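Chemist: I would like to see how this sequence folds:
(chains A and B)
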Amino acid sequence: MRERRTVQEARRAREFEAFLAGAGGRLLGTATLLTAETAEDNPRARRLLTHALAHTYACWDRLRGEDPYNHARECLAVRFARGTWHRYGVLPFGRARARPAGPLAVLSAQHRLVVVLRLHEGVAEEQVAALLGLPADRIHLIVDRATTVLLHPPRGPAPARVSAKAATS
Amino acid sequence: MNRPEREAAVRQMMERTAPRVPAGLHADVLRLGGRMLRRRTIALRLLWLLLFAATVAFVVWAATARPWVEPPSQTTPPVTDW
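Modeler: Okay, here's the model as predicted:
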């Protein structure tokens, strides 16, 4: 019994390591886009990814043919969606955290999540809708709006960021 | 600019960032994931133990209280000398 368990653990560790070596970089890229951090400085993305991957590792033996990448991505998305309101700079009372500087920083957390899942990961609209509990039309609309905002960014927040940096230095 | 063009542009914008995977990630994930697994195993065992204890308690109670036996009548005393 004990021997069988150690064999199973070794197999799980081996398979998981292979999976992580293959998919870790891409998943970290996705997490970094979600938290809107830069590629060099992404502590939140790392934490998010570590927890999502730990969950995938814990569920490894029960995946049974399901794609582990898919599982990890879903964990990542759900974890991000649940944690956004108090972690990723969308605090109430205008008490925003230090502004992130990734390419999607102009978007709100929900729009970022939808854009990353839909365009970066290529998940179908219906699946994104099911994952986030939104109607598919709304996903379509969010992608539409977010792409417009990204390609023609509003002028508003940019001077504020510069002045904040000038004030701290 | 139509929708496919915009989507392609945004996709390109997102592909530009490619962070390097930190060295300690694998160890951290294994530590966290292993802890989750251990906790899950312990919780499962505790639940089984609870179920077992509840079953034993019920059997003991049923064997001593015998709730299926009709209680002796309290209203009419048994007729003896008639």
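Chemist: how about the helices of chain A, start to end?
Modeler: Counting by DSSP state H, the segments of chain A that form helices are A:2-35, A:43-58, A:68-87, A:109-115, A:125-132, A:136-151, A:157-168.
Chemist: cool, chain B as well?
Modeler: Under DSSP H, chain B gives helices at B:3-15, B:25-65.
Chemist: From the centroid of chain B, which residue is nearest?
Modeler: Centroid check for chain B by Cα atoms, centre = their mean gives residue B:44 as the closest residue, at 6.9 Å.
Chemist: Quick check: it vs chain A, distance?
Modeler: 13 Å (Cβ to the nearest Cβ, to the nearest Å). To be clear about C-beta, it is placed using only N, CA and C from the backbone, and glycine gets the same treatment.
Chemist: quick one: contacts for that residue?
Modeler: Contacts for residue B:44 (Cβ atoms under 8 Å, 6 or more residues apart in numbering or on different chains) come out as none.
Chemist: now do residue A:9
Modeler: For residue A:9, the contact set (Cβ under 8 Å, 6+ apart) is empty.
Chemist: Could you export stretch A:104-112 as CSV, CA atoms only?
Modeler: Presented in CSV, the C-alpha positions along stretch A:104-112 are these (Å, rounded to 0.1, in the frame of the first residue of the first chain):
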residue,chain,number,x,y,z
LEU,A,104,-3.2,46.1,-20.4
ALA,A,105,-3.0,48.4,-17.4
VAL,A,106,-5.6,50.9,-18.8
LEU,A,107,-8.3,48.2,-18.6
SER,A,108,-10.4,47.3,-15.6
ALA,A,109,-9.6,43.9,-14.0
GLN,A,110,-12.7,42.2,-15.5
HIS,A,111,-12.0,43.5,-19.0
ARG,A,112,-8.4,42.4,-18.7
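Chemist: on that earlier part again, which one of the helices of chain A lies closest to residue B:62?
Modeler: With Cβ to Cβ, the closest approach to residue B:62 among these belongs to helix A:2-35: 37.2 Å.
Chemist: gap between that closest one and the chain center?
Modeler: Computed by Cα atoms, centre = their mean, to the nearest Å, the separation of helix A:2-35 from the middle of its chain amounts to 17 Å.
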